[in-house]
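Asks: structure, please.
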Amino acid sequence: MGIEYKIKFAVPDAYDPAALFLKLPSPIDRRAMAEIYNYSIEADGFYFVDHLVDPAVAAVALRGFLDEALRFSNSVVVTEP
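Replies: Next comes the predicted model:
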């Protein structure tokens with residue numbers, strides 16, 4: 001269980017997320033061996049799930065996805081799917 005977000009923006013054709021992946025914190029809390037957040041790249045944006053394990057790490061990751069979306073659009077829409 002967690003909080004789900006959909007970050008909608010115009011994903012460019014042949015989008016390469018390699019640079020984004022280098023900026024993201026680890027999605028695993030190694031002490032608890034628990035997933036902090038998860039995500040997927042979809043045709044209309046990013047799907048992001050905060051598993052409520054480490055709010056500070058999840059916030060940094062969510063900010064990374066928002067910043068990445070704003071690289072390609074002047075605005076994004078964030079909703080709960």
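
Asks: ok, the residue located most distally from the centre of the chain - contacts?
Replies: Ranked by distance from the centre of the chain (Cα atoms, centre = their mean), the top residue is R31, with 22.0 Å. Residues near R31 by Cβ atoms under 8 Å, 6 or more residues apart in numbering: none. C-beta here means a position set from N, CA and C on the backbone, and glycine is covered the same way.

Asks: tell me the secondary structure at it.
Replies: In three-state terms, and counting by DSSP: H, G, I helix; E, B strand; the rest coil, R31 is coil.

Asks: how far away is it from E68?
Replies: Separation of R31 from E68 (Cβ to Cβ, to the nearest Å) stands at 28 Å.

Asks: could you pull out the strands for this protein?
Replies: For the chain, the strands defined by DSSP state E occupy 3-8, 28-29, 34-35, 37-42, 45-50, 77-79.

Asks: from V53, how far out is the residue farthest from the centre of the chain?
Replies: With Cβ to Cβ as the criterion, R31 and V53 are 10 Å apart.
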